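A.B. asks: Generate coordinates for the sequence data below:
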Amino acid sequence: MEPTKRTGSPYLLLMVTMVLWGSAFSSSKSVVEHVPHTVAAFLRFGGGALALLAAMAIFGNRSVKVPPRAGRRAMTAGVLGVFAYNGFFFWGLSLAPSLDAGILIPVMSPVLTSSFLLATGREKTSRARLAGLTLGLVGAVLFLLGAGGSTHGNSTRLAGDTLFLLSALCWAAFTLVGPKVMAAIEPLRATTYATCAGAVLLGLLAAPDIPGMHWSTLPAGYG
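C.D. replies: Residues are numbered from 1 along each chain as shown. A predicted model of the protein is given here:
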């Protein structure tokens with residue numbers, strides 16, 4: 001299959017992604033204050049899966065056949081980038097401030113991704129890159145030490161920050177497998193497969209908590 005033609009600046013698209021990703025931290029925190037973190041994650045990506053299925057039905061190229069291996073790879077990516085990442089992320093939000101997520105995940109994800117690429121020889125090492133990785137890692141460690149000290153004996157926030165680090169690890173793994181997925185399948189279809197696979201697993205995780213939900217007591221906008 002020929003590579004998908006891409007238009008526009010990738011850096012502009014990445015900046016838009018960064019803005020959307022960053023805004024999700026505070027908005028998701030407001031949700032887990034009213035519903036269990038498992039339900040919050042499922043509602044977010046269950047709705048996202050339905051929206052993507054609708055988009056694929058309208059805009060997707062139905063004439064293109066997806067190789068089974070490519071489909072499985074996209075769904076595996078969803079296990080990492082949707083299920084595991086958001087499972088840890090929403091759990092962490094129920095224990096720690098969204099500020100911690102907004103600092104630790106964006107910092108540690110590229111650090112972990114670049115560290116793997118450099119360690120495996122996939123990309124070349126440079127002084128500037130090593131300096132950036134070291135600076136990011138030191139900053140994250142200092143923040144964790146400060147967060148741990150601010151709990152005054154309460155380990156809840158530190159546990160949440162640990163879950164954010166696990167989220168960053170999952171996102172780094174998702175980033176590494178992403179290019180292989182995109183090489184064999186169009187972005188919309190790949191994102192739909194990944195989101196649907198992750199949403200199904202998040203639904204299974206949330207299933208025990210859904211019967212206990214009191215939807216009528218939720219603030220306006222959550223029902």
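
A.B. asks: For the protein, just list every one of the helices.
C.D. replies: Under the criterion DSSP state H, the chain carries helices at the ranges 10-32, 37-59, 68-78, 85-93, 98-119, 127-149, 156-182, 187-206.

A.B. asks: would JSON lines of those with distance to Met213, mean neighbour count and mean pLDDT be doable?
C.D. replies: (C-beta placed from N, C-alpha, C; glycine too.) JSON lines is the format used below for those (distance: least, Cβ to Cβ, whole Å; neighbours: other Cβ atoms under 10 Å; pLDDT from 0 to 100):
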{"stretch": "helix 10-32", "distance to Met213": "13", "mean neighbour count": "13", "mean pLDDT": "79"}
{"stretch": "helix 37-59", "distance to Met213": "6", "mean neighbour count": "18", "mean pLDDT": "92"}
{"stretch": "helix 68-78", "distance to Met213": "25", "mean neighbour count": "18", "mean pLDDT": "88"}
{"stretch": "helix 85-93", "distance to Met213": "15", "mean neighbour count": "26", "mean pLDDT": "94"}
{"stretch": "helix 98-119", "distance to Met213": "22", "mean neighbour count": "19", "mean pLDDT": "86"}
{"stretch": "helix 127-149", "distance to Met213": "31", "mean neighbour count": "13", "mean pLDDT": "78"}
{"stretch": "helix 156-182", "distance to Met213": "22", "mean neighbour count": "20", "mean pLDDT": "89"}
{"stretch": "helix 187-206", "distance to Met213": "9", "mean neighbour count": "22", "mean pLDDT": "93"}
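
A.B. asks: what number of residues lie near Ile210?
C.D. replies: Other residues near Ile210 number 15, with proximity taken as other Cβ atoms under 10 Å.

A.B. asks: returning to what we had before: quick one: which of the helices of the chain is nearest Gly212?
C.D. replies: Ranking the helices of the chain by proximity to Gly212 (Cβ to Cβ) places helix 37-59 first, at 9.3 Å.

A.B. asks: just the angle between that closest one and helix 68-78, please?
C.D. replies: Relative orientation of helix 37-59 and helix 68-78, computed by axes from the mean of the first three to the mean of the last three Cα atoms, to 10 degrees: 140 degrees.
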